[in-house]
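Colleague: could you look at this predicted model? Sequence included:
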Protein chains: 2
Amino acid sequence: MSVREQRREAAIERMADHLLAEGLAGASLRPLAAAAGSSDRMLLYYFTDKDDVLAATLGRVAARLTAMLDAALEPGAKLPADALLGAVWSAMSSETLAPFMRVWLEVVAGAARGQEPHRAIASGILGGFADWIDGHIDATDAQRPGQAALLLATVDGALLLDAAGRRDLADAAIAAACAARP
Amino acid sequence: MSVREQRREAAIERMADHLLAEGLAGASLRPLAAAAGSSDRMLLYYFTDKDDVLAATLGRVAARLTAMLDAALEPGAKLPADALLGAVWSAMSSETLAPFMRVWLEVVAGAARGQEPHRAIASGILGGFADWIDGHIDATDAQRPGQAALLLATVDGALLLDAAGRRDLADAAIAAACAARP
DNA sequence: CGAGATATGTAGCAGTCGCTACATATCATC
DNA sequence: GATGATATGTAGCGACTGCTACATATCTCG
């Protein structure tokens, strides 16, 4: 790996930290470079574009998230929908995952407007998330896709309610969902 | 009403159009003023701040949304949760409400970072939404709060999946929710 | 008519944005 | 040690940001 590639890799890692701490909005070249211990000039040497910088950094953030998800449940474990929902929500609403969730919301808001690289990243994260749930939900083949989609929507919806300042509603929704489904 | 208040009012109305069309990110004074048929100078004459401009404009957008919600169902109508969910989702996922949903996501993303006026606006919209659902859901007093919160989360979650480019997952989640709940 | 309040245009400030031209420093290879 | 590739700093450009000072219109009321 050339020096350039090493620096680029190190920059991505530290910019991911910065992005998680400070958010996507207002993540401009100079602050990102400062966080990476570099300069805007060098960032545009390692990457072609600001979009390229953002795509690489968001990709790293997404990779960390999926790694944390994989670590949360052993590969073969299968849970019924309500138990899985509770487990996922307690992870998602924890303070350690909160920075990821905040960035996730920003990415989705950008994707809703068709911006790149938000669209591609959002699709990737969501796809990985859906697959992860699909692999851990205990249901018949006929029911699994619907239950997995519903679980995904419920968790993301609760996440949104929490972000909007209504953690009470989010918790109530999760509790009702666990109670309602056998 | 003074001339100033008239112009201010007209500016809010046209800036709300602009915000719905172009989004919250990058809604800067000069484009907003141009949309209002005015100048940045005058915007800061009508309003104290850019934050003031944004708060007024977002407030107008929120007012329009709640008005549309109220028009969607007659005041006294009560529906069981699954039927209400279907009705709300078909409205939310329609092209006419899509601009509102895109702005809504941006507001929530800002609120998640504690920004003002996003926090206050998000809380207001969500509270109004919750009240609206509470008034139209047909359930016992014991079940109503949980069912309403869950319905809210499910709709917003499906909205998020749709925004992330997975309308298929959103529709599957809504279908599963309607099927699962009696 | 004249004086004061109200309304609006012009011009610009200091800062940030993404990005680039140019010069230089460091290093590997012949 | 000369030469070319790789790496990095300096400086700045033009556009945009929120915001303001100053001048000027226009209108109201005594």
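Modeller: In hand now; what should we look at?
Colleague: and A:Arg41, how far from chain B?
Modeller: Distance check for A:Arg41 against chain B: by CB to the nearest CB, to the nearest Å, it reads 25 Å. Backbone N, C-alpha and C define where each C-beta goes, glycine included.
Colleague: now A:Asp51
Modeller: Taking CB to the nearest CB as the measure, A:Asp51 falls 15 Å from chain B.
Colleague: which strand or helix spans that residue?
Modeller: In the assignment (DSSP states H and E), A:Asp51 maps to helix A:50-72.
Colleague: what is the burial count for A:Ala63?
Modeller: 15 (other CB atoms under 10 Å in any protein chain shown).
Colleague: so where does the nearest residue to A:Ala111 once chain neighbours are set aside fall, helix or strand?
Modeller: In this structure, A:Ala111 finds its nearest non-sequential neighbour in A:Ala122, 3.8 Å apart by CB to CB, 6 or more residues apart in numbering or on different chains. Using DSSP H and E, A:Ala122 maps to helix A:118-136.
Colleague: swap in A:Ala172?
Modeller: With elements taken from DSSP H and E, the one containing A:Ala172 is helix A:167-180.
Colleague: residues in contact with that helix: which ones?
Modeller: Contacts with helix A:167-180, where a contact means CB atoms under 8 Å, 6 or more residues apart in numbering or on different chains, come from A:82, A:85-86, A:89, A:93, A:154, A:157-159, A:161-162, B:126, B:130, B:145-147, B:149-150, B:152-154, B:180-181.
Colleague: give me the mean pLDDT for that helix.
Modeller: Mean per-residue pLDDT for helix A:167-180: 94.
Colleague: show me what counts as buried in that helix.
Modeller: By 16 or more other CB atoms under 10 Å in any protein chain shown, the buried positions in helix A:167-180 come out as A:Leu169, A:Ala170, A:Asp171, A:Ala172, A:Ala173, A:Ile174, A:Ala176, A:Ala177, A:Cys178, A:Ala180.
Colleague: relative to helix B:118-136, how tilted is it?
Modeller: 40 degrees (axes from the mean of the first three to the mean of the last three CA atoms, to 10 degrees).
Colleague: the residue nearest to A:Ala72 when sequence neighbours are not counted: what's it in contact with?
Modeller: Excluding its sequence neighbours, the residue lying closest to A:Ala72 (CB to CB, 6+ apart) is A:Ala91, at 5.6 Å. By CB under 8 Å, 6+ apart, A:Ala91 lies in contact with A:Leu69, A:Ala72, A:Leu97.
Colleague: buried ones among those residues?
Modeller: Buried, going by 16+ other CB under 10 Å: A:Leu69, A:Leu97, out of the contacts of A:Ala91.
Colleague: tell me the one among the contacts of A:Ala91 nearest to DNA strand C.
Modeller: Nearest to DNA strand C among these: A:Leu97, at 26.4 Å, using CB to the nearest atom of the strand.
Colleague: surely the closest one is in contact with A:Ala72?
Modeller: No: A:Leu97 is beyond contact range of A:Ala72, at 9.6 Å (criterion: CB atoms under 8 Å).
Colleague: grab the nearest non-local neighbour of A:Tyr45.
Modeller: Of all residues not flanking A:Tyr45 in the chain, A:Arg4 sits nearest, at 7.7 Å (CB to CB, 6+ apart).
Colleague: can you list the neighbours in contact with the stretch of helix or strand that neighbour belongs to?
Modeller: Using DSSP H and E, A:Arg4 sits in helix A:3-22. For helix A:3-22, the external contacting residues (CB under 8 Å, 6+ apart) are A:1, A:27, A:31-33, A:35-38, A:42-43, A:45-47, A:53, A:56-58, A:60-61, A:64, A:99-100, A:103.
Colleague: state the distance from the residue nearest to A:Arg30 when sequence neighbours are not counted to A:Ala11.
Modeller: Among residues not flanking A:Arg30 along the chain, A:Asp40 sits closest, at 4.9 Å (CB to CB, 6+ apart). Applying CB to CB, to the nearest Å, one obtains 11 Å for the distance of A:Asp40 from A:Ala11.
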